[in-house]
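sharing a model that was predicted from the sequence below.
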Amino acid sequence: MPAALALTPDLVSLSAGGNDVLRPRVSLRSVMDRLEDAVEQIHATGADVMLFTAPNVEWASLVNRIHPRMVEYTAELWAVGQRTGAFVVDIYTLRSLRDPRMWGEDRIHLSSEGHARVAAQALWTLGLPFEVRDWAEPLEPAPPLGRFESVRADRQWVALHLRPWIRRRLRGESSGDGRGAKRPDVLPVTPPPSREQAP
């Protein structure tokens, strides 16, 4: 956070605590206290803060077991937003995210399309214009998977994502251990040309 605040931002987007909530043993109160402290530190600089709820994962196979924690996290996050005056981007009720195509293979991180929907929801929360039409509406229905295909997809997900995650937790490791930052230096962002400017 010190590096971010050194840039003297007007708005700080803060999505934090989700990984902590996934741990087998966690004090949600401690997580939310730390989050609220961070919001207050940012507000003390004069910047606004934008927070994000957890998504609704009740519909997602296997991942839905963490749904109760996501509900509790979301309720607590709304309370932080009310106490501090932070903007809250509500992705819990964003219906378009209740589609596997909005998520990556690990079923936890968003796909490019999912990120676009959340970005549109963030701009809507701030009252700013955006280009994604019908961002809150679901995609056209995809052909449903058969029972065999569903079971095979779940088994593959367990082997590739869940088991390694459990192994790391048992060893006290993080998925970020040994990884460097994708963009370690603060650099200006050049937006792509608008549709009107494109050749």
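On my side now, so go ahead.

near residue 19, how many other residues are there?
Neighbourhood size, residue 19 [other CB atoms under 10 Å]: 13. Yep, even glycine has a C-beta here, placed from its N, CA and C like the rest.

same check, this time on the one 5 residues further on
The tally of other residues near residue 24 (other CB under 10 Å) stands at 7.

what does the one 4 residues further on give?
The burial count assigned to residue 28 is 15, neighbours taken as other CB under 10 Å.

which residues are in contact with it?
Contact analysis of residue 28 by CB atoms under 8 Å, 6 or more residues apart in numbering lists 21, 69, 72, 73, 76.

restricted to strands, list those residues.
Of these, none are assigned to strands by DSSP state E.

identify the farthest-apart pair in these.
Largest separation among these by CB to CB: 69 and 76, giving 10.6 Å.

of these two, which one has the most company?
residue 76 (21 against 17).

the more buried one contacts residue 34, doesn't it?
No: the criterion here is CB atoms under 8 Å, and residue 76 misses it with residue 34 at 11.9 Å.

show me the helices in this protein, by range?
Secondary structure of the chain (DSSP state H): helices at 2-5, 18-22, 28-44, 67-84, 112-126, 147-157, 163-171.

nearest to residue 55, out of those helices?
helix 67-84 (6.9 Å).

for the closest one, packing partners?
If you count contacts as 3 or more CB pairs under 8 Å, 6 or more residues apart in numbering; DSSP states H and E, helix 67-84 packs onto helix 18-22, helix 28-44, strand 48-52, strand 87-89.

let me see the domain layout of this protein.
Domain ranges of the chain: 9-139, 143-175, per automatic domain parsing.

quick revisit: quick one: the helices of the chain as CSV, columns for mean pLDDT and distance to residue 192 too.
Compiled in CSV, the helices of the chain are given as follows (pLDDT from 0 to 100; distance: least, CB to CB, whole Å):
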stretch, mean pLDDT, distance to residue 192
helix 2-5, 87, 24
helix 18-22, 78, 29
helix 28-44, 94, 28
helix 67-84, 93, 31
helix 112-126, 92, 13
helix 147-157, 69, 33
helix 163-171, 70, 34
